[in-house]
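A.B. asks: make a model of this:
(one chain, ligands or ions: 2)
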Amino acid sequence: MMRLPKFSYRTPREISDAVKIMGDTGPEGQFVAGGTDLYPNMKRRQQMPRTVISVMRLPELNQISGDGEAGIRIGASVTLTDIVEHPLINRDYPVVAHAARTISTPLLRNMGTIGGNLLLDTRCNYYDQNYEWRKGINFCLKKDGDICWVAPGSSKCWAVQSSDLVPVMVAIGAKLRFASTLGERVIDAAGLYNDDGIDYLHKRPDELLVDIHLPPTNGWRASYQKLRRRGAFDFPVLGVAAWVQLDHAGSVSDARLVLGGIAPSPLEVKEAGQALIGQPLGRAGIEAAAEATYVRARPLDNTDFVMNWRKQMTREYTLRALQELADTR
Ligand SMILES: Cc1cc2nc3c(=O)[nH]c(=O)nc-3n(C[C@H](O)[C@H](O)[C@H](O)COP(=O)(O)OP(=O)(O)OC[C@H]3O[C@@H](n4cnc5c(N)ncnc54)[C@H](O)[C@@H]3O)c2cc1C
Ligand code: SF4
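C.D. replies: Ligands and ions are numbered 1, 2, ... in the order given. Just a heads-up that it's a prediction; the model follows:
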């Protein structure tokens, strides 16, 4: 049985206390929400904080407010179950409720939060193993080693961004608010992710994710398609988030296609969005967009399924995501 290492556990009740504890603790501290990612990582000795600071008792992080007209604010500690079941999110942002519903299992969704999901560690077959397994291959670049087993000539880690909500948040243009002892900042979700499996976030470790702002639903719609082995529970090995804005005449005025599960960061395929703009959402545009995502997708051999097949599925899953939008007009 894998055991957690020893650590001290703090439960602040105010944001100011949480960021102060983190500031005082320095690099040995780490925030935890539901712990469904952090605790397994600690058991595998991939992350080793000496002080773990819970964000679950910060009232501001546990609230949902607003609606589709004004935009919705979701606190970072809101659980995935609460998102799946929230009436306004289901009514005004069904894509968010749908993507959250595809994450892991009901039990894990009861514990796991939206904040933890957006800050999830990157994943790789050579990394998501216990300590002894990783020691057996002399570890790898991401933790304790000096070689990448996926691309041995590479100085970069290719571990995969594997959250279902990340491509959705990037596609719909969500904004994220962070707090630290230095103050607050708000960034676009797209600006958070870095294309490096080790240094995968443009965020300092001491920054607390406070909340997520979903934009008003003024004429846009979005969908999400997830590829995984088991429909009941598995990380995405490809996720396609599609977002389109329609003008009054019913033509696409703007569009974004964002791929998850194939690279260290979510990948927006701008050519795919361009292929849709200026015409109603019809078969020709959809097929051109699907071809564009297929061309840009370059999955590596470090998750489930054969990588060439995952690349081919990018075309198919883009077709499905866009056809769903066309069918619900
Ligand atoms: C068996 C299994 C299957 C899974 N399947 C999926 C899946 O299909 N899709 C998917 O997307 N995920 C999946 N997950 C991953 C995980 O359960 C979810 O992503 C979950 O939402 C993580 O949330 P959490 O609150 O438990 O995160 P935690 O483990 O608490 O935290 C994750 C990371 O975020 C940081 N963090 C958390 N909250 C904050 C905050 N407010 N401010 C700053 N840092 C913070 C932590 O320090 C940590 O680095 C799975 C996990 C397991 C164990
Ligand atoms: S991509 Fe390479 S360095 Fe990164 S976790 Fe996998 S084997 Fe390790």
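A.B. asks: what's the local residue count around the closest residue to Thr36 other than its chain neighbours?
C.D. replies: In space, and not counting its chain neighbours, Thr36 is closest to Gly112: 4.4 Å by CB to CB, 6 or more residues apart in numbering. Quick note: C-beta positions are derived from backbone N, CA and C, even for glycine. Residues near Gly112, counting by other CB atoms under 10 Å, number 23.
A.B. asks: can you check Thr81 too?
C.D. replies: The burial count for Thr81: 19, using other CB under 10 Å.
A.B. asks: secondary structure element holding it?
C.D. replies: Applying DSSP states H and E as the criterion places Thr81 in helix 80-85.
A.B. asks: check which helices and strands that helix sits against.
C.D. replies: For helix 80-85, the packing partners by 3 or more CB pairs under 8 Å, 6 or more residues apart in numbering; DSSP states H and E come out as helix 94-101, helix 106-111, helix 114-118.
A.B. asks: looking at those helices, which is nearest to ligand 2?
C.D. replies: The closest of the helices and strands packed on helix 80-85 to ligand 2 is helix 114-118. By CB to the nearest ligand atom, the value is 19.7 Å.
A.B. asks: that closest one close to ligand 1?
C.D. replies: Yes. Applying CB under 6 Å from any ligand atom, one finds that helix 114-118 is in contact with ligand 1 at Gly115, Gly116, Asn117.
A.B. asks: surely the second one and Ala33 touch.
C.D. replies: Read it as Gly116. Yes. With contact defined as CB atoms under 8 Å, Gly116 reaches Ala33; the gap is 4.2 Å.
A.B. asks: please list the residues of the protein that sit near ligand 2.
C.D. replies: 124, 126-127, 140-142, 148-150, 157-159, 197, 302.
A.B. asks: one more pass at 5 Å, please.
C.D. replies: 124, 126-127, 140-142, 148-150, 157-159, 197 (CB under 5 Å from any ligand atom).
A.B. asks: ranking these by neighbours, who comes first?
C.D. replies: Neighbour max across the residues of the chain next to ligand 2 (other CB under 10 Å) = Ala159, 29 neighbours.
A.B. asks: for that residue, what are its contacts?
C.D. replies: Taking CB atoms under 8 Å, 6 or more residues apart in numbering, we find Ala159 in contact with Asp121, Thr122, Arg123, Cys124, Tyr127, Lys142, Gly197, Ile198, Tyr200, Pro264, Asn302.
A.B. asks: who touches the third one in this structure?
C.D. replies: When the contact criterion is CB under 8 Å, 6+ apart, the partners of Arg123 are Ala159, Val160, Ser162, Phe235, Thr303.
A.B. asks: farthest-apart pair in those residues, please.
C.D. replies: Ala159 and Phe235 (12.0 Å; CB to CB).
A.B. asks: okay, Arg329: pLDDT?
C.D. replies: The per-residue pLDDT reported for Arg329 equals 59.
A.B. asks: element containing the residue of the stretch 201-329 of the chain found nearest ligand 1, please.
C.D. replies: Residue nearest to ligand 1 within the stretch 201-329 of the chain: Leu209 (3.7 Å; CB to the nearest ligand atom). Following DSSP H and E, one finds Leu209 within strand 208-214.
A.B. asks: do Arg134 as well
C.D. replies: Arg134 belongs to helix 131-136, assigned by DSSP H and E.
A.B. asks: in that helix, what counts as buried?
C.D. replies: Residues of helix 131-136 classed as buried under the neighbour-count rule (16 or more other CB atoms under 10 Å) are Arg134.
A.B. asks: now do stretch 84-101
C.D. replies: Buried residues in stretch 84-101 (16+ other CB under 10 Å): Val84, His86, Ile89, Asp92, Tyr93, Val95, Val96, Ala97, His98, Ala99, Ala100, Arg101.
A.B. asks: related to what we said a few turns ago, any bit of the helix holding Thr81 sitting next to ligand 1?
C.D. replies: No. Helix 80-85 stays clear of ligand 1 (CB under 5 Å from any ligand atom), getting no nearer than 5.6 Å.
A.B. asks: stretch 190-202 too?
C.D. replies: No. Stretch 190-202 stays clear of ligand 1 (CB under 5 Å from any ligand atom), getting no nearer than 9.0 Å.
A.B. asks: just how off-centre is that stretch within its chain?
C.D. replies: 11 Å (CA atoms, centre = their mean, to the nearest Å).
A.B. asks: repeat that for stretch 10-25.
C.D. replies: On CA atoms, centre = their mean, the centre of stretch 10-25 falls 25 Å from the chain's centre.
A.B. asks: what about the residue nearest to Gly115 when sequence neighbours are not counted, distance to ligand 1?
C.D. replies: Nearest non-adjacent residue to Gly115, counting by CB to CB, 6+ apart: Ala76, 2.9 Å away. Ala76 is 4 Å from ligand 1, where distance means CB to the nearest ligand atom, to the nearest Å.
A.B. asks: sweet, I'm off.
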